[in-house]
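Peer 1: attaching a predicted model along with its sequence, questions to come.
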Amino acid sequence: MLKPEQPIGIFDSGVGGLTVASAIKQQLPGEKMIYFGDTAHLPYGDKSASTIRAYSRRIADFLLDKQVKVLLIACNTASAVAYRDLLEYVGDRVHVVNVIDPAVEFITRHYPNETVGVIGTKGTIQSGTYERKILGHKKGIRVRSLATPLFVPMIEEGFVYDDISNAIIRSYLSSETLREIKSLILGCTHYPIIKNQIRKFFNFQVDVIDSANAVATYLKNILSRHQLLNDADQPGHLFYVSDYTEYFEAIARMFFEERLNLVLQNIWQET
Ligand code: DGL
């Protein structure tokens, strides 16, 4: 039986999921989080679905060993190609949450008859998951999807708010595909880090939607429905990475000012 004191397990390929963890910290300050950044395998966006599924299962095992009550896939690529598989794998041991469903719910509620853009990794866009889920909810929405594969390595290398990132953003987002969009979903958890650059590219005329807050609210509802909400005083989060990168540490410190419990654990070498 799950208990409120148990932590929330979160994973992503790198720093992206920290944008979601940060929103959870704001909305659910009493929850302890155990974060796994699979930096050894980054980026996920250009790997095959079967590889991402295998990574996700192994990370799920690691987090389940840490007695988490929820497994949050804070990565759109893994949410797009590995969610169903993880649901099956984890069964009724813990709750499994992805980052796509909350974003889809938000967009269909607020932009029911608009043209909506989605940007993400190749894996996310080629899977067609956003389009399928949005149209499954609301037929009246027109979805324009575009893969922007250089954004993740660019962000992980720290090229943000500078000339290089401006040029890459301009080159992708000038695409014909995104003409006439009213809003743009950041379909990758790394992208909120460059959200203001993207807003500026569109001269603030397009609503740029970052799903982190929607995911935190969604999680809050699930925990509350199952009486699993925690209100600990100082939950003391734990961060694991499969390979150490200075940038991960810097970004984690930026989002979590407190003393950072960062552990290097290459779970791949242990199996
Ligand atoms: N942040 C992830 C996502 O939301 C993963 C990106 C990647 O590793 O390519 O898709």
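Peer 2: That came through fine.

Peer 1: lowest-confidence helix or strand of this structure?
Peer 2: Least confident helix or strand of the chain, by mean pLDDT, DSSP states H and E, is helix 246-255 with a mean of 90.

Peer 1: now for that helix, which elements pack on it?
Peer 2: Under the contact criterion of 3 or more CB pairs under 8 Å, 6 or more residues apart in numbering; DSSP states H and E, helix 246-255 touches helix 17-27, strand 262-264. All C-beta atoms are positioned from the backbone trio N, CA, C, and that covers glycine.

Peer 1: looking at the last one now, give me its mean pLDDT.
Peer 2: The reference is to strand 262-264. In this model, strand 262-264 has an average pLDDT of 93.

Peer 1: in its sheet, what does that strand sit against?
Peer 2: Partner strands and pairing direction for strand 262-264 (DSSP bridges) are strand 238-241 (parallel).

Peer 1: OK, contacts around Phe62?
Peer 2: 36, 240, 265, 267 (CB atoms under 8 Å, 6 or more residues apart in numbering).

Peer 1: would you turn the helices and strands packed on helix 246-255 into CSV with distance to the ligand?
Peer 2: Converted to CSV, the helices and strands packed on helix 246-255 look like this (distance: least, CB to the nearest ligand atom, whole Å):
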stretch, distance to the ligand
helix 17-27, 6
strand 262-264, 18
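
Peer 1: tell me which element Arg84 falls in.
Peer 2: Following DSSP states H and E, one finds Arg84 within helix 76-90.

Peer 1: er, Leu72 I mean
Peer 2: Assigned by DSSP H and E, Leu72 falls within strand 70-73.

Peer 1: can I get that strand in CSV, CA atoms only?
Peer 2: As requested, the backbone C-alpha atoms of strand 70-73 are provided in CSV (Å, rounded to 0.1, in the frame of the first residue of the first chain):
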residue,chain,number,x,y,z
VAL,A,70,4.6,7.9,-8.4
LEU,A,71,6.7,7.6,-11.5
LEU,A,72,6.7,10.8,-13.5
ILE,A,73,8.1,10.6,-17.0
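
Peer 1: from Ala78, how far out is the closest residue to Ile193 other than its chain neighbours?
Peer 2: Once its chain neighbours are removed from consideration, Ile193 has its nearest residue in Ile155; the separation is 5.4 Å (CB to CB, 6 or more residues apart in numbering). Counting by CB to CB, to the nearest Å, the gap from Ile155 to Ala78 is 17 Å.

Peer 1: looking at these two, which one has more neighbours?
Peer 2: Set side by side, Ile155 and Ala78 show unequal neighbour counts under other CB atoms under 10 Å, the larger going to Ala78 at 29 against 23.

Peer 1: ok so, going back, got the contact list for the least confident helix or strand of the chain?
Peer 2: Residues from elsewhere that reach helix 246-255, judged by CB under 8 Å, 6+ apart: 14-15, 18-19, 21-22, 25, 37, 39, 156-158, 193, 239, 241, 260, 262.

Peer 1: buried among these? Need that as a selection in ChimeraX.
Peer 2: Applying 16 or more other CB atoms under 10 Å to the contacts of helix 246-255 leaves a buried subset, and the ChimeraX line that selects it is:
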select :14,15,18,19,21,22,25,37,39,156,193,239,241,262
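
Peer 1: in the longest helix anywhere in the chain, which residues are buried?
Peer 2: With DSSP state H applied, the helix covering the greatest number of residues in the chain is identified as helix 49-65. By 16+ other CB under 10 Å, the buried positions in helix 49-65 come out as 49, 52-53, 55-56, 58-60, 62-63.
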